[in-house]
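Novice: Got a sequence here, can you build the structure:
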Amino acid sequence: MRMPGPSALLLLLVAVALTQNCTGSHWLLFYDTLVYGPDLWQPRFIRVGYLDTTPFEAFDSKAATAVMQPRAPWMEQEPREYWRKETEEAVLMSHVDRQILSVLMHHYNHRKNEYRTLQAVLGCSVGNDGRFLRGHYWLLYYGYDYITLNEDLSSWTAEGKAAHTLKDHLDSHRIANDLRAYLQGPCVERLRRYLDLGKETLLRSDAPQAHVSHQVRPGGNVTLRCWALGFYPAEISLTWQRDGNNHTQEVELVDTRPAGDGTFQKWAAVVVPSGEELRYTCHVNHEALPEPLTLRWEPPQPTLFLMAILIGLVLGAFVVGAVVIFLLSKK
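Specialist: Purely as a prediction, here's the structure:
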């Protein structure tokens, strides 16, 4: 079983956070990656902290200065002592992950002349009122095993022989209890603090820019796609109606995705018979909108150039007709 790479994993985390949390929630995730390869004297450890898909701090053991660095402007308010402690925590986690990676490589008899990757995700979610909603912990040995802390924060789901062995080890040391205490306590406190530091960015509301596109399909039907772009926060609703009634047949709805500029994007498509496009409307609802949007595909209007040609033809026909009439009357 192949596990997703870093970018795919982040998209998966976004999807999980959006589908499992309630509207108006925020989440904090630390995404760790440990890579071992033949050209690396020591395994490379990278930690990135995400707040609502926005990276706010990062650590790279192979950087010129291996210290935790701010990745969001609002994190520059933190004092030097904060960054010293964050660096120490990242170094500590790198040693823990090295031990786990060594155990997993030994279990599968993987050689050190091949690239191996260990990924870990740790974080929590809170509502707009700051109340704890959910904790997250995933550990993935790239391509072979994974272990996940379940939603009850007291049991594990494991895939793979080595993962089951690791699960037994975690259970024997009551690691789930320690994780639960961290996720419901310090993690929530950190999330609240970061939200306060970056409230102008993180607690804003950007309304979506929405439109409907039109594409003719090979069979003669038409795909109407309703787009919502540049919105924040991520929670949004896109629905299609036919003649004023909810329409769910042959509707394709993609997961909300980060746009890469701090906003989100989403679309919903419906397949309709050609000539019936105007019977369908898309309805967009987002907290930044004063009221939901109702969109309909608008057939393209004649261009000014085409209109000028039509007017010229009409005027030309009028002039020719007037000349003909004049000549006939003279004759």
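Novice: Quickly list what Asp224 is bridged to.
Specialist: Not Asp; residue 224 is Leu. Legend: beta-bridge partners of Leu224 under DSSP bridges are His214, Val270.
Novice: my bad, Leu34
Specialist: Phe45, Leu118.
Novice: how does the chain divide into domains?
Specialist: 6-202, 209-295, 303-331 (automatic domain parsing).
Novice: Does the nearest residue to Phe264 once chain neighbours are set aside fall in a helix, a strand, or a coil region?
Specialist: Spatial nearest neighbour of Phe264, excluding adjacent residues (CB to CB, 6 or more residues apart in numbering): Ala234 at 4.7 Å. Just so you know, the C-beta spots here come from the backbone N, C-alpha and C atoms, and that holds for glycine as well. Three-state assignment for Ala234 (DSSP: H, G, I helix; E, B strand; the rest coil): coil.
Novice: same question, the one 4 residues further on
Specialist: Three states are possible here, and by three-state DSSP the one that applies to Leu238 is strand.
Novice: Report the separation between the closest residue to it other than its chain neighbours and Gln215.
Specialist: The shortest distance from Leu238 to any residue other than its chain neighbours is 4.1 Å, reached at Ala268 (CB to CB, 6+ apart). Distance, Ala268 to Gln215, by CB to CB, to the nearest Å: 14 Å.
Novice: Over to Asp255?
Specialist: According to CB to CB, Asp255 stands 21 Å off from Gln215.
Novice: Pro73 now?
Specialist: Using CB to CB, Pro73 is found at 40 Å from Gln215.
Novice: Cys282 sits in which helix or strand?
Specialist: Taking DSSP states H and E as the criterion, Cys282 maps to strand 280-285.
Novice: mind listing what that strand pairs with, with the direction of each?
Specialist: Strand 280-285 is paired, per DSSP bridges, with strand 237-242 (antiparallel), strand 293-295 (antiparallel).
Novice: Please point out which parts of the last one sit buried.
Specialist: Looking back up the chat, that one is strand 293-295. Buried residues in strand 293-295, defined by neighbour count with 16 or more other CB atoms under 10 Å: 293, 295.
Novice: and His136, what is it in contact with?
Specialist: By CB atoms under 8 Å, 6 or more residues apart in numbering, His136 lies in contact with 13, 16, 27, 29, 121-125, 149, 183.
Novice: what kind of secondary structure is it in?
Specialist: For His136, the assignment made with three-state DSSP gives strand.
Novice: On the strand side of things, show who it bridges to.
Specialist: Taking DSSP bridges as the rule, His136 bridges to Gly123.
Novice: where's it relative to Tyr31, distance?
Specialist: According to CB to CB, His136 and Tyr31 sit 10 Å apart.
Novice: so Glu277 touches Trp297, yeah?
Specialist: Yes - the pair Glu277 / Trp297 is scored as a contact, 5.0 Å apart, by CB atoms under 8 Å.
Novice: Find residues that contact each of these two.
Specialist: Common neighbours of Glu277 and Trp297 (criterion: CB under 8 Å, 6+ apart): 214, 224.
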